[in-house]
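1. Sequence first, predicted coordinates after that:
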Amino acid sequence: MSAPSTISRRILPWLLLLPSAYPQPVLAAARDASAEAFVRTSANRLLGVLSDKTATAAQKNAAFHKAIDDLADVPRVTYFVLGKYARTITPDQKRRFALAFRSYVERVYRDRLSDYGGERVSVVGSVARKPGDVVVATEISGGQLDRPVPVSWRIIQSPGGWRVVDVQFRGVWLAITQQQDFVSAIDNAGGDIEVLIDRLRSDAPPRR
């Protein structure tokens with residue numbers, strides 16, 4: 001087997017910076033062109049929405065909302081971030097939590113990306129963790145940035161196509177961190193999920 005290329009030696013350590021909650025990837029797997037194309041197109045679409053100076057605030061909100069629906073598997077992420085409490089939540093609590101979390105997660109994505117304007121997302125590699133489960137490594141560069149910002153996306157193949165289930169931004173996996181934070185908040189409230197629902201509602205004001 002030939003020695004790994006320079007770019008492979010640069011990418012693989014980055015892709016392996018995954019929390020223990022994720023199974024280790026199969027390093028022999030080839031890059032997934034379909035997964036990479038999905039992330040490239042979707043990520044640039046998000047940046048394009050936020051940097052559109054011709055759109056009103058309401059138009060940007062509507063476009064960003066639609067882009068998130070097309071990009072992320074929001075129901076899957078909603079279930080994941082509840083951790084052990086996903087098994088005990090009532091149907092009514094699940095409905096209300098889903099609404100509060102949807103607004104909250106949209107604000108989180110928007111806040112993470114709102115400082116960018118004129119940048120582009122380029123794919124630098126991908127690793128298949130298992131069939132239909134891929135981590136795509138990208139860089140945001142150009143615009144106001146002095147140096148590229150690494151962002152990794154974990155995407156899952158669903159009946160409707162690829163969907164993002166977690167994003168690593170500045171070394172932090174958002175969904176994993178949210179799960180740890182949310183479960184801790186519910187634990188501290190004696191298992192009362194209403195405390196978390198109220199917190200998410202206050203953290204995510206209604207869309208204009």
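-> Perfect, I can see it now.
2. Who are the contact partners of residue 154?
-> 22, 129, 133, 134, 135, 164, 165, 166, 167, 168, 173 (C-beta atoms under 8 Å, 6 or more residues apart in numbering). Placement of C-beta: from N, CA and C, glycine included.
3. Next step: these restricted to helices.
-> Among the contacts of residue 154, DSSP state H puts none in helices.
4. neighbour-wise, which of the residues you listed leads?
-> Compared across those, residue 166 has the highest neighbour count, 27 neighbours, by other C-beta atoms under 10 Å.
5. And the helices in this protein?
-> 6-15, 33-50, 57-71, 74-81, 91-113, 174-188, 193-203.
6. Nearest to residue 121, out of the contacts of residue 154: which one, please.
-> Among the contacts of residue 154, residue 167 lies closest to residue 121 (C-beta to C-beta), at 11.8 Å.
7. Residue 152 is in contact with the closest one, correct?
-> Yes. If you go by C-beta atoms under 8 Å, residue 167 and residue 152 touch, sitting 7.2 Å apart.
8. Note down every partner strand of the strand ranked longest in the chain and its orientation.
-> Determined from DSSP state E, the single longest strand within the chain is strand 119-130. Partners of strand 119-130 in the sheet, by DSSP bridges, are strand 133-142 (antiparallel).
9. I'd assumed residue 73 was in contact with residue 158.
-> Yes. Using C-beta under 8 Å, residue 158 is in contact with residue 73, at 6.1 Å.
10. Which helix or strand in the protein has the lowest average pLDDT?
-> Taking mean pLDDT, DSSP states H and E as the measure, the chain has helix 6-15 as its least confident helix or strand, at a mean of 43.
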